[in-house]
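Asker: Everything below, folded, please.
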Amino acid sequence: MKKQLKKETRYDEIMTDLNPEVAVPYSMTACFKADDLIDHPKFGLGKVMDFISPNKIQVIFREGEKILIGVLNQEID
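Answerer: Numbers count the residues shown, from 1 in each chain. Next up, the predicted model:
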């Protein structure tokens, strides 16, 4: 129980001051970049924390971190 509370506290700290209205619906074929907010149909609101590989993203949700399929958004200047 303490472990779940710690995950939720970390999530709340990370999500402070972020606008959930800008979250994009999660899709395995969508492009993401670090700090994007996503809306996952099962896990809810999450924030992209890192890329594990070009097609895997690490996302924090209220219940903890998950590795999801996603495409790295490589912005061209």
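Asker: use CA for all of it now, contacts and neighbours both
Answerer: Will do.
Asker: Next one: Gln74, what pLDDT does it get?
Answerer: pLDDT, the model's per-residue confidence, is 65 for Gln74.
Asker: And for stretch 49-64, what's in contact with it?
Answerer: Residues from elsewhere that reach stretch 49-64, judged by C-alpha atoms under 8 Å, 6 or more residues apart in numbering: 4, 7-8, 11-12, 34-35, 43-48, 65-72.
Asker: again, 7 Å this time
Answerer: 4, 7-8, 11, 34-35, 43, 45-48, 65-72 (C-alpha atoms under 7 Å, 6 or more residues apart in numbering).
Asker: Can you flag the buried ones in the residues you listed?
Answerer: Buried members of these, scored by 16 or more other C-alpha atoms under 10 Å, are 7-8, 11, 45-48, 65, 68-72.
Asker: Parallel or antiparallel, which strands does the longest strand that the chain contains pair with?
Answerer: Secondary structure of the chain read by DSSP state E shows that its longest strand is strand 44-53. Partners of strand 44-53 in the sheet, by DSSP bridges, are strand 37-40 (antiparallel), strand 56-61 (antiparallel).
Asker: can you redo these as a markdown table with mean pLDDT and distance to Met28?
Answerer: Shown next, in a markdown table, are those (pLDDT from 0 to 100; distance: least, C-alpha to C-alpha, whole Å):
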| stretch | mean pLDDT | distance to Met28 |
| --- | --- | --- |
| strand 37-40 | 97 | 10 |
| strand 56-61 | 96 | 9 |
